[in-house]
Every structure is written in structure tokens, then in C-alpha cells.
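K.L.:
Got a predicted model here, sequence first, then my questions.
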Amino acid sequence: MHNPVYVGDLSRIFPTFICNDNNHRKMETTKDINRIKLVLVEKKRTNKWLAEQLGKAPATVSKWCTNTAQQSLEMLLEIARVLEVDVKDLLHSTREGIQYIKIQQS
């Protein structure tokens, strides 16, 4: 039996896949892509509240918040509208070492 072989790292924000002898792929690690849970905390809102606002199942929103599944771009825009944030606030930067700080204007 052969050891798993790395197929390749798809990028910093995408998981690395492993192939075994039977050509099955499994996810090795999961990287955070969205910041939905962090924004919900900042807005003092819950997954359940967001699910109700979007007409989605709480389990679906929970998967988005834990980055185990990702929403469509259209849904991301709707989430930004509901949470009253810029869509960029819902995503982690794809550039290494870049961190955005939101400054509240009065």
C-alpha cells in the first residue's frame, strides 16, 4: 500500500487535497474564507437570526459561519445587505499579511 500523495495546495484560502491509491480525495485542512461569524458577533446577532432574515435553514447558516460550506456570491451580497456591512467585511483577505481595519466615522 502506498502513502497518500499531495496533489497540490490550491491556494492559501483553499484546502489541500490528498489522493490515495484508489484516487479518492479527502480534505486535509480547511481554511477560513468568510468572516460571517465574526461580523455577527460584532453586530450582536446570532446564526438563527441571520437564518430567519435570509429564509435559510439554521444548519445552512451554521455551515457558512464555521466555513464548512460556502454560500454563493449572490447570497454573500444578501448577507452584507442584511447585516448592513460592505461585502468586503465578510471575507478574509487573500493577500498574506494584509489586515483591514474598519474605522467608524461619526
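P.N.:
Arrived safely.
K.L.:
How many residues are close by L73?
P.N.:
9 (other Cβ atoms under 10 Å). Where C-beta positions appear, they are placed from N, C-alpha and C, glycine not excepted.
K.L.:
likewise W64?
P.N.:
24.
K.L.:
Spit out the contact partners of it.
P.N.:
Residues in contact with W64 (Cβ atoms under 8 Å, 6 or more residues apart in numbering) are N34, I36, Q70, Q71.
K.L.:
got it, and T46?
P.N.:
With Cβ under 8 Å, 6+ apart, T46 has these contacts: L40.
K.L.:
Can you tell me the closest non-neighbouring residue to V87?
P.N.:
Using Cβ to Cβ, 6 or more residues apart in numbering and skipping the chain neighbours, the partner closest in space to V87 is A80 (4.2 Å).
K.L.:
what helices or strands is the helix or strand where that neighbour lies leaning on?
P.N.:
Taking DSSP states H and E as the definition, A80 sits inside helix 73-83. Other helices and strands packing on helix 73-83, by 3 or more Cβ pairs under 8 Å, 6 or more residues apart in numbering; DSSP states H and E, are helix 36-42, helix 47-54.
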